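S.K.: Attaching a predicted model along with its sequence, questions to come.
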Amino acid sequence: MTDKLNLTKNEPSAQELSNSMRCMGYSLESAIADIVDNSITAKATEIEIKFPVSPDEVCIAICDNGNGMTKEELFDAMKYGSTLKGKQRSEDDLGRFGMGLKSASHSQCRRLSVASKKNGDVSAYIWDLDVIDEKHEWLMIDCSENDIAKIPFVDYLNQIKSGTVVVWQDFDFIRKEAGEEYSEIVRQQNDVADYLSLIFHRYLSKDKKDRLSIKINNFQLEPLDPFLENHPKTSVKKNISIPVKDSGGIERMISIQPYILPFQKDLTKEDEKKSGGVENYRTKQGFYIYRNERLIIWGTWFNRHRDELTKYARIKVDIPNTLDDVWGIDIKKQNAKIPASIRQRLTRAVDEAMDASIKKQQYRGRIAKVDENLEYIWNRTENRGQYTYSINRESKIFKLLENHLDEDAKSYLDIVLAEIEKNIPFHQIYLDKSKNVIDETDNDERIAEIVNNARMMLPVVMKLNASLSKEQAVENIFKSEPFCKHPELKQKILEMC
């Protein structure tokens, strides 16, 4: 077929493409994590990350004692879209596109040097964007013995049988944004340590013979434990396996392990630190997606409903790299999505595993509503003869807000609402009510607010239930508070919408 076509080369501009590949949204910590992925894939047991200790030589080096690369293998690894990577990819490979080394590195710096040792030989190549800009071609520096000796921290290779040193220099983005490379890189050092301690926590906590060691300037990283698996009050639910076919039709297994974490009052300071910090304890509920034990995305319910019943729930999901395309793993390995083909099965499996336990923790019996046909903003809940009041997270007015928030904002909203619920001024309300001094009238301004809220809710309700007509959707809205108190406004809403 192709021999009948008039074919011509249309090669991309080296300068333009190299610069556009830099703008992929890596943070410093996620870029370093991408390089660590390569070290783990190369069977490294020790990784040393070198941050600058003085302004005299500003560079970052990631050194490992992995398998190393021959000169031919290193040349291919430095290629955008490594060919050997695609051909030889194993099931424990943490890479995907053969792009991570270059895209992650150049997202932070202009000069990338990689030296590697294998079979006793050391070779090195350098991508320098200044050279590409000057020559307008994909030209790498093929390092001579003297060039190799000048690469920072290359002496690390003298101490080991095989391994690789990746060095970043010329941090132009940091220079433009922060002004001072050295102080800004040092400032981010703790963030990098915390990030790696979470992302690779399962590698850092393996049995001694399989354990990965990661050091930052000789500081040994300790693994975080987002599930507090060893805490006596952590509830570990039944493990679930779901078969999923990959793009080639081969059946693969996804493993799901739900956890219900202890109440915050049962945590020690050490527990809080291990779980990722007190701020994240409530806000990072939800799914934790691992690809070959490497954390990809966490603290999200993928738009699944969240409420008080799920605030201590974290779900560990293990997927193999053979399902990358099905899960939509991106080049940065920072995003994933639940495939539509398994979303319902996954949700149902998680619900079945967690439902009884979570309900036992929180809502122990809802008091009947005044009118079962109406939807109330407040829930009144009985627990052993005592009553609590909570905002109904299922109400339409709440959904209006929730639909406009991202996952992080929803988590913080949960915290704020929980504090509002726990600090209702019951006594003062009682006194004011007994004196009949509470203003319960709806003035013109309040009526206008109710009308506007109903107008905003109408498209949301119709989107959630496409079978409803506009009239039916308005009727649906007016079965909930505060709209049910003003049925005379129905016609006005219909006329305005």
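M.R.: Sure, I can see it.
S.K.: pLDDT-wise, which helix or strand of this structure ranks last?
M.R.: The weakest-scoring helix or strand in the chain, judged by mean pLDDT, DSSP states H and E, is helix 83-88 (a mean of 52).
S.K.: distance between the helix or strand containing residue 104 and the chain's centre?
M.R.: If you go by DSSP states H and E, residue 104 is part of helix 100-106. From the chain centre to the centre of helix 100-106 is a distance of 20 Å (Cα atoms, centre = their mean, to the nearest Å).
S.K.: next one: stretch 408-420
M.R.: For stretch 408-420, the distance to the chain centre is 19 Å (Cα atoms, centre = their mean).
S.K.: One more: stretch 413-432?
M.R.: That offset, for stretch 413-432, works out to 32 Å (Cα atoms, centre = their mean).
S.K.: export it as PDB, just CAs?
M.R.: Extracted in PDB, the C-alpha atoms of stretch 413-432 (Å, rounded to 0.1, in the frame of the first residue of the first chain):
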ATOM      1  CA  LEU A 413     -14.900  21.000  52.700                       C
ATOM      2  CA  ASP A 414     -15.600  17.800  54.600                       C
ATOM      3  CA  ILE A 415     -13.300  19.000  57.400                       C
ATOM      4  CA  VAL A 416     -15.000  22.500  57.600                       C
ATOM      5  CA  LEU A 417     -18.500  21.000  57.600                       C
ATOM      6  CA  ALA A 418     -17.600  18.500  60.300                       C
ATOM      7  CA  GLU A 419     -16.400  21.300  62.500                       C
ATOM      8  CA  ILE A 420     -19.600  23.300  61.800                       C
ATOM      9  CA  GLU A 421     -21.700  20.300  62.800                       C
ATOM     10  CA  LYS A 422     -19.700  19.800  66.000                       C
ATOM     11  CA  ASN A 423     -20.000  23.500  67.000                       C
ATOM     12  CA  ILE A 424     -23.700  24.200  66.500                       C
ATOM     13  CA  PRO A 425     -24.600  26.700  69.300                       C
ATOM     14  CA  PHE A 426     -27.500  24.600  70.600                       C
ATOM     15  CA  HIS A 427     -27.800  26.500  73.900                       C
ATOM     16  CA  GLN A 428     -27.900  29.900  72.300                       C
ATOM     17  CA  ILE A 429     -30.400  28.800  69.700                       C
ATOM     18  CA  TYR A 430     -32.600  27.300  72.400                       C
ATOM     19  CA  LEU A 431     -32.500  30.600  74.400                       C
ATOM     20  CA  ASP A 432     -33.200  32.700  71.400                       C
END
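S.K.: just to revisit the earlier point, can you list the residues that contact the helix holding residue 104?
M.R.: 18, 21-22, 24, 26, 30-32, 34-35, 37-38, 77-78, 80, 112, 114, 127, 129, 166, 168, 331-333 (Cβ atoms under 8 Å, 6 or more residues apart in numbering). Yep, even glycine has a C-beta here, placed from its N, CA and C like the rest.
S.K.: per-residue confidence for the residue lying closest to residue 387 once chain neighbours are set aside?
M.R.: Of all residues not flanking residue 387 in the chain, residue 380 sits nearest, at 6.0 Å (Cβ to Cβ, 6 or more residues apart in numbering). What the model reports as pLDDT for residue 380 is 85.
S.K.: So residue 380, which state does it fall into?
M.R.: Following DSSP: H, G, I helix; E, B strand; the rest coil, residue 380 is assigned to strand.
S.K.: Give me the subset of the contacts of helix 100-106 that lies in strands.
M.R.: 112, 114, 127, 166, 168 (DSSP state E).
S.K.: what pLDDT, on average, does the helix or strand that contains residue 184 get?
M.R.: Secondary structure assigned from DSSP H and E places residue 184 in helix 181-187. For helix 181-187, mean pLDDT rounds to 91.
S.K.: For it, which outside residues touch it?
M.R.: Here helix 181-187 has contacts from 28, 51, 52, 54, 55, 58, 60, 171, 174, 175, 177, 178, using Cβ under 8 Å, 6+ apart.
S.K.: which two of these lie the greatest distance from each other?
M.R.: Farthest pair in the contacts of helix 181-187 (Cβ to Cβ) is 54 and 177. Separation: 21.5 Å.
S.K.: so the residue nearest to residue 387 touches residue 392, yeah?
M.R.: No. Assessed by Cβ atoms under 8 Å, residue 380 is found out of contact with residue 392, at 10.1 Å.
S.K.: which one of these two has more residues nearby?
M.R.: residue 392 (17 against 14; other Cβ atoms under 10 Å).
S.K.: Of the contacts of helix 100-106, which count as buried by neighbour count?
M.R.: 18, 22, 24, 26, 30-32, 34-35, 37-38, 77-78, 80, 112, 114, 127, 129, 166, 168, 331-333 (16 or more other Cβ atoms under 10 Å).
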